[in-house]
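Participant: With the sequence up front, the predicted model follows.
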Amino acid sequence: MVSEALHDVFPVEAAKKSRRASRVVMPRQRRALNGRIGKDSDGCFHVLLVTSEIADFVKVGGLGDVSSALPRALASRHDVRILIPAYREMIASDHEIEILGKLPGHADIPPCELGKTICSDG
């Protein structure tokens, strides 16, 4: 299902011309995967949405609204997680943040912690 949708959104011909062609699942690879792209046995996809804002915590424009609504729409059928930077508004919110792990720094990127919080609607 995902591979077909990917093919429709980003045609293979365009992918061959694109610098991002290595990120696109080509037809030969799709046949080899046999629909095992991020699905578990009950057909549930594992989705990670990476965004710079979400209306529940930080909203500057329309991206915050979409980043808030899309995961909620998908959550009834799929396992959806959101990755967002810990802005001051995130840390100052009433949501408890559980630290899951620490990442070492690399080059000019400082070390950081990964945390987890759950919104009131799950």
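Facilitator: Done, it's in. Note that the structure is a prediction, hence the values are computed from the model and not measured.
Participant: in this protein, which spans are helices?
Facilitator: For the chain, the helices defined by DSSP state H cover 2-9, 12-17, 27-33, 62-74, 88-92.
Participant: Spatially nearest residue to Ser68 (excluding sequence neighbours)?
Facilitator: Ranked by CB to CB, 6 or more residues apart in numbering and with sequence neighbours excluded, the top spatial neighbour of Ser68 is Ala55, at 3.8 Å. Where C-beta positions appear, they are placed from N, C-alpha and C, glycine not excepted.
Participant: Next: Gly115.
Facilitator: Closest residue in space to Gly115, ignoring its immediate chain neighbours: Ile97 at 4.1 Å, by CB to CB, 6+ apart.
Participant: burial measure for the one you found, as a count.
Facilitator: Look at Ile97: counted by other CB atoms under 10 Å, it has 14 neighbours.
Participant: My read is that Leu83 contacts Val50, right?
Facilitator: Yes. With contacts counted by CB atoms under 8 Å, Leu83 reaches Val50, the gap being 4.6 Å.
Participant: Identify the residues contacting stretch 55-62?
Facilitator: If you take CB atoms under 8 Å, 6 or more residues apart in numbering as the criterion, stretch 55-62 is touched by 52-53, 64-65, 67-69, 84, 87, 89-90, 93, 95, 119.
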